[in-house]
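A.B. asks: let me see the structure of the following:
(one chain, ligands or ions: 2)
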Amino acid sequence: MICKSIEFSNFRNIENEKIEFCDGINVIHGENAQGKTNILEGIYLFARGKSFRAFKDRELVRFGCDSSYMKLSYAKRDGENELGVEIPKGSTKKFYKNKIKADKTADIIGEFRAVLFCPSHLGIIKDSPSVRRRFLDVAISQLRPIYIKMLAKYNSVMEQRNTILKLDPEKRRQYEAMLEVYSDELSSLCADIAGMRIDYIKKLDYWMKIFFEEMMKGKETPKITYETNARENDFDTRESLKNRYLSLLKDNLEREYKNGATLYGIHKDDLKIELNGKDARFYSSQGQSRSLALAMKMAEGEISREHSGEYPVFLFDDVLSELDENRRSFILSKIEKRQVIMTSCEPLDFKELDKTNFIEIKDGKKCDITNFSLNDGENEDTSLDKEEFEYDLDIK
Ligand SMILES: Nc1ncnc2c1ncn2[C@@H]1O[C@H](COP(=O)(O)OP(=O)(O)O)[C@@H](O)[C@H]1O
Ligand SMILES: [Mg+2]
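C.D. replies: Ligands and ions are numbered 1, 2, ... in the order given. I've put the predicted structure just below:
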């Protein structure tokens, strides 16, 4: 999968810009706070369906404007496509595929696939379980569109169930039958969601072992499993897994009433990472956990490739400068034959790479003449004049 270009209109600090990418390595460089990460944020919004760093979509709209538009052109084996998004400040955003409006955001997830790697991901091994669950959820959603719909359903059923759990004893008696229905529905969804997570984790385990052993020259071996309250034999069938989640809900109802919340289910599960038999979440060194995080991101790319037959786009936000020489050269040795779009304050760090497209960003604008270029002539100015851009975007 290749990201050919992205066009922005009033997105963050980018007023009107079209950025084109080559199918190898693209380095977006410039000083701090110029809009480099904003570009990756825009691209990744099409993979994830929402920003990886804004709480609310309205934050994405350029100060003083009513809405933002973006258009992403990308090529898959089956041809070129285009995704558009309109983000109005006062209402929900709308996605378009080849100019046709999608009913829901979930309908476009998986169309354009990308792996994002930013400095905060280097801490994923020791972060709270919710961060690892989010990693799983975002990665699986891009491969299996049904997953995101199931998660949304799960969250809404759990919310309704929690409303009953919060009622005082008098009132909740009349909702007992409904609570049972919700518990049954939740445990079915748990079995389906956990099943897909377990499938994914098996692949993650396989690829992380390969990358990690290569990086650490085979001295240590990681093991990745799904951590849940289900026992080994509960995983035999979907029915046994569902029954296990259901009995956890039934057996702990009193505790749940006390807490006013659902205490068991896939929203509590975790990704367990062991290194030589020790739990890496608690015992790995900073170096080990960084290497595990790197292996995890590279594995995410391989699983996506296995699934669809082509690599996703790799987006690295300022991450290479965070790594020591060994880990940095490991990553650089692995990104051949993949499209990478990375940001960096220092373009000179990448001068050893062949076929690199350098894009300099200043104050939300692409500089026409980059003062650092190894491939003169390839960085043509492709900006459209405003009228043509607005007409071309045509997604309102
Ligand atoms: N909604 C917005 N409208 C206008 N400018 C914004 C908006 N959100 C963020 N910015 C600006 O974007 C810049 C940060 O961009 P960023 O891409 O994070 O920088 P960097 O080049 O360091 O990666 C800051 O100058 C910030 O003020
Ligand atoms: Mg940045």
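A.B. asks: make it CA atoms for all contacts and neighbour counts henceforth
C.D. replies: Will do.
A.B. asks: okay, now the unreliable bits of this structure?
C.D. replies: 348-352, 354, 369-396 (pLDDT under 70).
A.B. asks: tell me the contacts of the most centrally placed residue in it?
C.D. replies: Closest to where the C-alpha atoms of the chain average out (CA atoms, centre = their mean) is Val138, at 4.5 Å. For Val138, the contact set (CA atoms under 8 Å, 6 or more residues apart in numbering) comprises Arg48.
A.B. asks: where does it land in three-state SS?
C.D. replies: helix (DSSP: H, G, I helix; E, B strand; the rest coil).
A.B. asks: do you know how far it is from ligand 1?
C.D. replies: 22 Å (CA to the nearest ligand atom, to the nearest Å).
A.B. asks: distance of that residue relative to Ile109?
C.D. replies: 10 Å (CA to CA, to the nearest Å).
A.B. asks: same check on Phe282?
C.D. replies: Taking CA to CA, one finds Phe282 at 34 Å from Ile109.
A.B. asks: of the two, who's got more company?
C.D. replies: A side-by-side neighbour count of Phe282 and Ile109, using other CA atoms under 10 Å, places Ile109 first with 23 against 11.
A.B. asks: any idea what that one is bridged to?
C.D. replies: Judged by DSSP bridges, the bridge partners of Ile109 are Phe112.
A.B. asks: for the closest residue to Pro222 other than its chain neighbours, give the beta-bridge partners.
C.D. replies: The shortest distance from Pro222 to any non-neighbouring residue, by CA to CA, 6 or more residues apart in numbering, is to Leu275 (4.5 Å). For Leu275, the beta-bridge partners under DSSP bridges are Pro222, Lys278.
A.B. asks: quick one: contacts for Leu275?
C.D. replies: By CA under 8 Å, 6+ apart, the neighbours of Leu275 are 220-223, 284.
A.B. asks: where do the strands sit along the stretch 251-396 of the chain?
C.D. replies: Applying DSSP state E, counting those that start in this stretch to the stretch 251-396 of the chain gives strands spanning 270-275, 278-279, 313-317, 340-344, 356-362, 365-366.
A.B. asks: can you redo these as CSV with distance to Gln34?
C.D. replies: CSV is the format used below for the strands of the stretch 251-396 of the chain (distance: least, CA to CA, whole Å):
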stretch, distance to Gln34
strand 270-275, 36
strand 278-279, 40
strand 313-317, 14
strand 340-344, 11
strand 356-362, 5
strand 365-366, 8
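A.B. asks: what's the spacing between the residue of the chain positioned farthest from its centre and ligand 1?
C.D. replies: In terms of distance from the mean C-alpha position of the chain, Glu170 ranks first, at 43.9 Å (CA atoms, centre = their mean). Here the distance between Glu170 and ligand 1 works out to 49 Å (CA to the nearest ligand atom).
A.B. asks: what strand or helix carries that residue?
C.D. replies: helix 169-172 (DSSP states H and E).
A.B. asks: now the element after that helix, going C-ward?
C.D. replies: Following helix 169-172 toward the C-terminus (DSSP H and E): helix 176-215.
A.B. asks: so which elements touch that following helix?
C.D. replies: helix 129-143, helix 145-165, strand 222-227, helix 238-251, helix 286-308 (3 or more CA pairs under 8 Å, 6 or more residues apart in numbering; DSSP states H and E).
A.B. asks: same thing but at 7 Å, please
C.D. replies: helix 145-165, strand 222-227, helix 238-251, helix 286-308 (3 or more CA pairs under 7 Å, 6 or more residues apart in numbering; DSSP states H and E).
A.B. asks: which one of these lies closest to Pro119?
C.D. replies: Smallest distance to Pro119 across those (CA to CA): 10.0 Å, for helix 286-308.
A.B. asks: now do that closest one: distance to the chain's middle.
C.D. replies: 13 Å (CA atoms, centre = their mean, to the nearest Å).
A.B. asks: how is the protein carved up into domains?
C.D. replies: 1-113+315-396, 121-311 (automatic domain parsing).
A.B. asks: can the first one be found next to ligand 1?
C.D. replies: Yes. With CA under 6 Å from any ligand atom as the criterion, ligand 1 is reached by domain 1-113+315-396 at 12-13, 32-38, 59-63.
A.B. asks: from the residues you listed, pick the one nearest Met208.
C.D. replies: Thr37 (26.9 Å).
A.B. asks: once you drop chain neighbours, what's closest to that closest one?
C.D. replies: That would be Asp317: by CA to CA, 6+ apart, it lies 6.5 Å from Thr37.
A.B. asks: looks to me like Ile87 is in a strand.
C.D. replies: Yes. Checked against three-state DSSP, Ile87 lies within a strand.
A.B. asks: was I right to think it contacts Met70?
C.D. replies: No. When contacts are counted by CA atoms under 7 Å, Ile87 is not listed as touching Met70 (8.6 Å).
A.B. asks: who's more crowded, these two?
C.D. replies: A count of neighbours by other CA under 10 Å puts Met70 above the other of Ile87 and Met70, at 25 against 22.
A.B. asks: list the buried residues of the helix or strand hosting the more buried one.
C.D. replies: Secondary structure from DSSP H and E places Met70 in strand 67-76. Applying a neighbour-count criterion of 16 or more other CA atoms under 10 Å, one finds 67-74, 76 buried in strand 67-76.
A.B. asks: dump these to JSON lines, plus distance to Ala114.
C.D. replies: Below are those laid out as JSON lines (distance: CA to CA, whole Å):
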{"residue": "Ser67", "distance to Ala114": "25"}
{"residue": "Ser68", "distance to Ala114": "22"}
{"residue": "Tyr69", "distance to Ala114": "20"}
{"residue": "Met70", "distance to Ala114": "17"}
{"residue": "Lys71", "distance to Ala114": "16"}
{"residue": "Leu72", "distance to Ala114": "13"}
{"residue": "Ser73", "distance to Ala114": "14"}
{"residue": "Tyr74", "distance to Ala114": "11"}
{"residue": "Lys76", "distance to Ala114": "12"}
